[in-house]
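> Okay, structure incoming, though there's no sequence with it:
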């Protein structure tokens, strides 16, 4: 057991996540950090999506910040890397207390603890449980009385009683965006997330939403939601993503939020998640008026029998209607499909592909990943699902980690890979047309621009090109920008016209600024 240290400084870790998956700022850690700061702790977030992992970096953080506790989050596909980072920190500072939270470890607590390096697991919602754990340890009291944690004592894994969900989520402060380099996400033209509620009343067998945040919807006050939305709109992100499990669950409240946005004259594009059975033409008109540009729908399958089996509780006809309603309202509907669900066969896959192409929705394809805690994993035999591997690195929903009796995992992989290859080929064709001086659509032009900006700024971040800009000894702004432009051209191979425009964009959006480096002017991230 750990003793009774005085706990003041908390280091929170966001593990690396593939840039190809278009990550967003770590909202969950920002929310937890804000709550910890409110309780009097000093908090730092190490975001290893935009910061390079290295032993040298870990040593620097330990020596500079001197954390008393390290807390890390992870999804299934990042849990091994998160564990590795924690263990490396612990090698540098053996006495440091380590904690993990998030959906994966909540439902895989025993194996995570037995893998070593982690002292405590915080299960479910983390804000109150984590702060109570820290307080209990500081006061030398029994951790067995802290609900919602798992730990090892004398070689035995202990799980305390589950914690009740936070009854009134309005007690939680706004997420601590000041602790993350939001400018780097903004530079890549990625959205920033916010939530307006917690909870999901539905019970889809492949999802953890209901088990993590409960079936009862708990809402933030409408004024608070609009206040936060307005604050985020001033940060210069091209889009805000309302990442509630189901934003459109309560029509009256949804309209009230939109009215708040409209009444304040907030001009900001945003997106949200919805179900096909929770929208109507009048609601969509209001969403559009308030700036909503995209609604994301989990369609999952083009087969009614499979939808019934996975407890989706929607119909294909409602999916078609939702697509038409969104299009009529001027909102882009985006559908997500999962191949490899229970009952999947070659025929059902082909049905889904035809359905996806027939209805008026842009769409993406994923492959079933039976995450720990999901019903489809816990009852895999009953659903005819064969789990092929527990290598969590492979649980990215882009490759088969399980199979059904009706179609081979290799066949599923070839179909999904073929789908994404067709998208890549389409983009290559657009580039070729543009390079040959042929006209392309406004939509394709916009996609190309976003892709180029994303790739360029991803390169800047991954290779720390901005941080390594040498002090040029320039005495005025114009010479500094010229020197910086020449440097970026050499490092990235882009032409001067692109670089000039991109420097201007990044400065105007508040991503880059003039800083002092070794007593001389330089350029740095905001």
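Received it, and whenever you're ready, just let me know what you need. Just so you know, these numbers come straight off a predicted model, no measurement behind them.

> how close does residue 518 sit to residue 474?
From residue 518 over to residue 474 the distance is 13 Å, taken as CB to CB, to the nearest Å. The C-beta positions use only the backbone N, C-alpha and C, and glycine is treated the same way.

> of the two, who's got more company?
residue 474 (16 against 8; other CB atoms under 10 Å).

> what is the rounded mean pLDDT of stretch 446-463?
Across stretch 446-463, the average pLDDT comes to 95.

> which parts of that stretch are buried?
Applying a neighbour-count criterion of 16 or more other CB atoms under 10 Å, one finds 453, 454, 456, 457, 458, 459, 460, 461 buried in stretch 446-463.

> my guess is the fifth one is in a helix, correct?
Right, residue 458. Yes: assessed by DSSP: H, G, I helix; E, B strand; the rest coil, residue 458 belongs to a helix.

> Once you drop chain neighbours, what's closest to it?
residue 19 (5.1 Å; CB to CB, 6 or more residues apart in numbering).

> ok, now how distant is that neighbour from residue 514?
27 Å.

> out of these two, which sits in the more crowded spot?
Neighbour totals were compared for residue 19 and residue 514, and residue 19 leads with 18 against 14 (other CB under 10 Å).

> That one touches residue 459, doesn't it?
No: shown here, residue 19 and residue 459 do not form a contact pair, counting by CB atoms under 8 Å, at 9.7 Å.

> Now do residue 22, the pLDDT please.
Residue 22 carries a pLDDT score of 89 in this model.

> so it touches residue 190, yeah?
Yes: counting by CB under 8 Å, residue 22 does reach residue 190; the two are 6.1 Å apart.

> the more surrounded of those two?
More crowded of residue 22 and residue 190, by other CB under 10 Å: residue 190, with 22 against 14.

> For the closest residue to that one other than its chain neighbours, give me its contacts.
Among residues not flanking residue 190 along the chain, residue 24 sits closest, at 5.7 Å (CB to CB, 6+ apart). For residue 24, the contacting residues are 185, 190, 191, 192, 193, 241, by CB atoms under 8 Å, 6 or more residues apart in numbering.

> What of residue 366?
Contacts of residue 366 (CB under 8 Å, 6+ apart): 336, 337, 338, 339, 397, 398, 416.

> and the second one, bridged to which residues?
I take that to be residue 337. residue 300, residue 365 (DSSP bridges).

> re the thing from before, mind putting the buried residues of stretch 446-463 into TSV with distance to residue 495?
Converted to TSV, these look like this (distance: CB to CB, whole Å):
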residue	distance to residue 495
453	15
454	18
456	12
457	16
458	18
459	15
460	16
461	21
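
> now, which of those residues sits nearest residue 64?
Closest to residue 64 out of the buried residues of stretch 446-463 is residue 461 (21.3 Å), distances taken as CB to CB.

> mind checking the backbone torsions on that closest one?
The phi/psi pair for residue 461 (degrees, to the nearest 10) reads phi -70, psi -50.

> For the stretch 51-200 of the chain, which residues score under the pLDDT cut-off?
Applying pLDDT under 70 to the stretch 51-200 of the chain flags no residue at all.

> Could I get the full set of strands for it?
Using DSSP state E, counting those that start in this stretch, the strands of the stretch 51-200 of the chain run over residues 69-73, 97-101, 120-122, 149-153, 156-159, 192-194, 197-198.

> Mind giving me the packing neighbours of the shortest one?
Same thing as strand 197-198. Packing partners of strand 197-198 (3 or more CB pairs under 8 Å, 6 or more residues apart in numbering; DSSP states H and E): strand 218-219.

> Same question for the next helix or strand after the strand it packs on: list its buried residues.
Next in sequence after strand 218-219, counting helices and strands by DSSP states H and E, comes helix 222-233. Within helix 222-233, the residues that count as buried by 16+ other CB under 10 Å are 225, 226, 228, 229, 232, 233.

> List of residues touching helix 222-233?
By CB under 8 Å, 6+ apart, helix 222-233 touches 170, 174, 192, 194, 196, 220, 240, 253, 256-257, 260-261, 264, 266-268, 270.

> List buried members of the residues you listed by neighbour count.
192, 194, 196, 220, 240, 253, 257, 260, 261, 266, 268, 270.

> distance of residue 254 from residue 168?
Counting by CB to CB, the gap from residue 254 to residue 168 is 20 Å.

> One more: residue 423?
Residue 423 sits 44 Å away from residue 168, going by CB to CB.

> burial of the residue lying closest to residue 159 once chain neighbours are set aside, as a residue count?
Nearest-residue entry for residue 159: residue 150, 4.7 Å, with adjacent residues in sequence omitted and distances by CB to CB, 6+ apart. By the criterion of other CB under 10 Å, residue 150 has 20 neighbours.
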